[in-house]
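*Asks:* Below is the sequence, then the predicted model.
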Amino acid sequence: MVDVTPQSDGTVPPAEVPDVELYHPRSWWTTYVFSQDAKVIAIQYSGTAIAIGLVALVLSWLMRLQLGFPGTFDFITPEAYYQFITMHGMIMVIYLLTALFLGGFGNYLIPLMVGARDMVFPYVNMLSYWIYLVAVLVLVVSFFAPGGPTGAGWTLYPPQAILGGTPGGQSWGIILMLVSLILFIIGFTMGGLNYVVTVLQGRARGMTLMRMPLTIWGIFTATVMALLAFPALFVACVMMLFDRVLGTSFFMPALVEMGEQLSYGGGSPILFQHLFWFFGHPEVYIVALPAFGIVSDLISTHARKNIFGYRMMVWAIVIIGALSFVVWAHHMYVSGMHPWFGFFFATTTLIIAVPTAIKVYNWVLTLWRGDIHLTLPMLFALAFIVTFVNGGLTGLFLGNVVVDVPLSDTMFVVAHFHMVMGVAPIMVIFGAIYHWYPKITGKMLNEAMGQFHFWITFLGAYAIFFPMHYVGLVGVPRRYPEIGEPAFMTAPVDNLNAFITIAALVVGFAQMVFLFNLFWSLRFGRDAGGNPWRATTLEWQTPTTPPPHGNWGDKLPVVYRWAYDYSVPGAPEDFIAQNDPRPQHSAAHPDPSAARPA
C-alpha cells in the first residue's frame, strides 16, 4: 500500500509491495471484545465515551438545579457542587470529546477513508482502548472513594487542589483524578501514533495527501497536536501526584494552613498553569480540527458541490494547529503577566482567528449556489457554523486583556466556552453520527426522531447559553454554588437562571430520544444501501455495508481523483467516486493534486 500518482494516461503503476496479511479473530472474544479491528475499537471508544458523557450530563443538571433554584435541594452542598463542576468539565473535555473525535471517528474513518485494511498497528490499537477504559473506570471509582471525587475545578489548579480545604484534596479524589489522566494520556499516545503512521504509510495507491478528505486532515493534524501537547499535561499530573503523595514541592509554595506551617516550600503554582494551558489551548483545537474536517465533508456531500478552496482549507487546518501552541497564556491574564506578554498573547489570539475565518468563508462559498439538501447531517453542520461563529466572536472579546480581566470570573466565560467547546463540537458529533450510521449499521436513523432531536438540541442550546452571556455581563460570578443577594442579583437575573435550568433539563432529556433512535433504528430502521448519500469518498465504496473485517475484500481500492467531484458537468451522475477511473470531465472542478505529484 504505497503512495503513487496515476500516470498521464490514467493508469496506475502496480503496487511496489504486496498486501499485508491481517490478523484474523478466532473466537467471539477476539471478534467483539478484545478486537483488533479498528471499526470495532471505534464503536468501543464511542460507547464508552457516550456512557461517561451521560454521567457528565447528569452532573450539569445538578449544577443547574442549584443555580436556578438555590437552597431547594439539600443534597447539593457547596462541596458537592465543586465536585460536580470538576468532574463535569474534565469528563466532557477529555473523556468525551477527545475520545470520541480521535478514538471513535479516528478509528472508524481513517482506514476506510484512506483505503487501508486496518490500522498499521492493530494490537497497539486494541491496547489503547483498554487503557482508556481503565482510565475511565479509575475516574468513576473516585465517586465512591472516601471523601468523593476532587472538587478542585476542572483545571486542577494547585495549591488548593491538594489541600485539606478542597473536597478530595487530602483524600483519594485528587489522586484518582491524576492517575486517570496519566492512564488516558498513555492510552491516547498508543492510539495517536497509530493514526499518524496509518495516514502517512497506509494510504491506498493514488491517495496522495492532497486527495485525502478534509475529515482525515482534521483528525491527522489534531492527533499530531495531541502528541505534542499531552506530554505537558502528563508531566504536570505526575509532578502534582508527587507533591500530593511524596511531599515534593514542584507547585507548592510555603504555606500556612489552619495556623500550621506545612512542609511545602519553593514551588510555583504558576508553573502548573503554564503546563496545563500549554496543553489546554491546543486541546480546544484537538477537538475543533476534526470537527472542521467533518463539517467540510458533510457540507460538500449534502450540498452536492465540490469544497471551495480545498488546498486553502488544508493549509488553514495546519496553520491553526501550529498557532494554537502560541496562544495559551490568554487563559492566564488574571494570573498577572508583563504587559508585553499580554500584548503578544492577545495578538496571537487575534491572528489565529484569520485561518479560522477562512474556513468559515469557504464553507459559506461551498454552500453558495449548491444543491442544498436539508438532511439531518446538513442541519447539524449548519448549526455548527452558526454556533462556532457566535462563540468565536465572544472569544475575540476575551482575547483582549482589558476586556478579559473583568469578565474572566463571570458566567460570560462559561457561556463562551460552552458555545465554542461544548455546543459546536457536539453538533458535529451528532451530524457525523447521522451521516455515518448507515455505513456502520446498514440502517438509516429515523427521520422524525432525528428532526425532533435536532430542533430541541439546537434551539435549546441557544436558550441556555445566550441568556448566560447577559448574566455574566451584569456581574454574576462563576464557580459560586449560591450567590446570595448582591446588587446585580435582581429578579430578572434570578428568573433567567431558572429559565436556563429548565432549558438545560429539556435539552438533556432530548438526548434520550437520540439514544433511543440509535437502538430502535438498529432493528427497525430502513435499509440504507451501500451509498445512501451518493458520496464520493472511499468509505462509501466498500464492497459490502457494513464493511467486513479487512474492509475491501480481495482487492484494495485505487484512487484516481480528489474527494469532492460533485455535480461534474457531463458526468452520468452528480458525483464521481474517488476510485472511479473515468477521466476528468471538466476543468471547473480541478483536482488539487493533479497539478503536482505527491
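*Replies:* Thanks, I have it.
*Asks:* where's stretch 96-107 relative to the chain centroid, distance-wise?
*Replies:* Relative to its chain's centre, stretch 96-107 lies at 7 Å (C-alpha atoms, centre = their mean, to the nearest Å).
*Asks:* swap in stretch 55-69?
*Replies:* With C-alpha atoms, centre = their mean, you get 22 Å for stretch 55-69.
*Asks:* in it, what's buried?
*Replies:* 55-57, 59-68 (16 or more other C-beta atoms under 10 Å). The C-beta positions use only the backbone N, C-alpha and C, and glycine is treated the same way.
*Asks:* now these in a markdown table, with distance to residue 29, secondary structure and pLDDT?
*Replies:* A markdown table is the format used below for the buried residues of stretch 55-69 (distance: C-beta to C-beta, whole Å; DSSP: H, G, I helix; E, B strand; the rest coil; pLDDT from 0 to 100):
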| residue | distance to residue 29 | secondary structure | pLDDT |
| --- | --- | --- | --- |
| 55 | 27 | helix | 97 |
| 56 | 30 | helix | 97 |
| 57 | 31 | helix | 96 |
| 59 | 34 | helix | 97 |
| 60 | 36 | helix | 96 |
| 61 | 37 | helix | 96 |
| 62 | 38 | helix | 96 |
| 63 | 40 | helix | 96 |
| 64 | 42 | helix | 95 |
| 65 | 43 | helix | 95 |
| 66 | 44 | helix | 94 |
| 67 | 46 | helix | 93 |
| 68 | 47 | helix | 93 |
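*Asks:* Out of those, the closest to residue 418 would be?
*Replies:* residue 60 (9.6 Å; C-beta to C-beta).
*Asks:* Please tell me how far the nearest residue to that closest one once chain neighbours are set aside sits from residue 154.
*Replies:* The shortest distance from residue 60 to any non-neighbouring residue, by C-beta to C-beta, 6 or more residues apart in numbering, is to residue 88 (5.4 Å). Noted for residue 88: a distance of 7 Å to residue 154, by C-beta to C-beta, to the nearest Å.
*Asks:* Could you do residue 46 as well?
*Replies:* Residue 46 is 22 Å from residue 154, by C-beta to C-beta.
*Asks:* One more: residue 478?
*Replies:* In terms of C-beta to C-beta, residue 478 sits 12 Å off from residue 154.
*Asks:* In terms of pLDDT, where does residue 468 sit?
*Replies:* According to the prediction, residue 468 has pLDDT 96.
*Asks:* In which helix or strand does it reside?
*Replies:* In this assignment (DSSP states H and E), residue 468 forms part of helix 447-473.
*Asks:* Now do that helix: which elements does it pack against?
*Replies:* helix 376-398, helix 411-417, helix 424-441, helix 491-524 (3 or more C-beta pairs under 8 Å, 6 or more residues apart in numbering; DSSP states H and E).
*Asks:* Mind doing that once more with 7 Å?
*Replies:* helix 376-398, helix 411-417, helix 491-524 (3 or more C-beta pairs under 7 Å, 6 or more residues apart in numbering; DSSP states H and E).
*Asks:* most packed of those?
*Replies:* Ranked by mean neighbour count under mean count of other C-beta atoms under 10 Å, the helices and strands packed on helix 447-473 are led by helix 411-417, which reaches a mean of 23.
*Asks:* for it, the distance to its chain's centre please.
*Replies:* That offset, for helix 411-417, works out to 18 Å (C-alpha atoms, centre = their mean).
*Asks:* which residues sit against that helix?
*Replies:* When contacts are defined by C-beta atoms under 7 Å, 6 or more residues apart in numbering, helix 411-417 is touched by residues 391, 394-395, 398, 407, 465, 468-469, 471-473, 476, 478.
*Asks:* sorry, back to before: a markdown table for the buried residues of stretch 55-69, including distance to residue 149?
*Replies:* Formatted as a markdown table, the buried residues of stretch 55-69 follow (distance: C-beta to C-beta, whole Å):
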| residue | distance to residue 149 |
| --- | --- |
| 55 | 11 |
| 56 | 12 |
| 57 | 16 |
| 59 | 10 |
| 60 | 15 |
| 61 | 17 |
| 62 | 13 |
| 63 | 14 |
| 64 | 19 |
| 65 | 18 |
| 66 | 17 |
| 67 | 20 |
| 68 | 23 |
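*Asks:* The residues you listed: which two are farthest apart?
*Replies:* So, those by C-beta to C-beta: farthest apart are 55 and 68, at 20.5 Å.
*Asks:* tell me the secondary structure for residue 146?
*Replies:* coil (DSSP: H, G, I helix; E, B strand; the rest coil).
*Asks:* Could you pull up the residues touching the closest residue to it other than its chain neighbours?
*Replies:* Excluding the flanking residues, the one nearest residue 146 by C-beta to C-beta, 6+ apart is residue 171, at 5.4 Å. Going by C-beta under 7 Å, 6+ apart, residue 171 touches 145, 146, 147.
*Asks:* which phi and psi does the last one have?
*Replies:* Going back to what we said before, that points to residue 147. Per-residue torsions, residue 147: phi 90, psi -10 (degrees, to the nearest 10).
*Asks:* and if you look at the first one?
*Replies:* Dihedral angles phi and psi of residue 145 (degrees, to the nearest 10) take the values phi -80, psi 160.
*Asks:* switch to numbering from 41
*Replies:* Understood, numbering begins at 41; the last thing we discussed is residue 185.
*Asks:* what separates it from residue 215, distance-wise?
*Replies:* For residue 185 relative to residue 215 (C-beta to C-beta), the value is 9 Å.
*Asks:* just the last one next, same as before
*Replies:* When C-beta to C-beta is the yardstick, residue 187 and residue 215 sit 10 Å from each other.
*Asks:* quick one, which of those two is more surrounded?
*Replies:* residue 215 (20 against 17; other C-beta atoms under 10 Å).
*Asks:* Give me the nearest residue to the more buried one, chain neighbours excluded.
*Replies:* Nearest to residue 215 is residue 284, by C-beta to C-beta, 6+ apart, at 6.3 Å.
*Asks:* Tell me which helix or strand that neighbour sits in.
*Replies:* Residue-wise, residue 284 maps onto helix 254-285 under DSSP H and E.
*Asks:* Now do the buried residues in that helix.
*Replies:* Residues of helix 254-285 classed as buried: 254-266, 269-270, 272-274, 276-277, 279-281, 283-284 (neighbour count, 16+ other C-beta under 10 Å).
*Asks:* Give me the neighbour count for the closest residue to residue 136 other than its chain neighbours.
*Replies:* Leaving aside its sequence neighbours, residue 136 sits nearest to residue 93 (C-beta to C-beta, 6+ apart; 3.9 Å). Using other C-beta under 10 Å as the criterion, residue 93 is surrounded by 19 other residues.
*Asks:* I'd guess residue 93 is in a helix, am I close?
*Replies:* Yes. Read with three-state DSSP, residue 93 is one of the residues of a helix.
*Asks:* Perfect, I'm done here.
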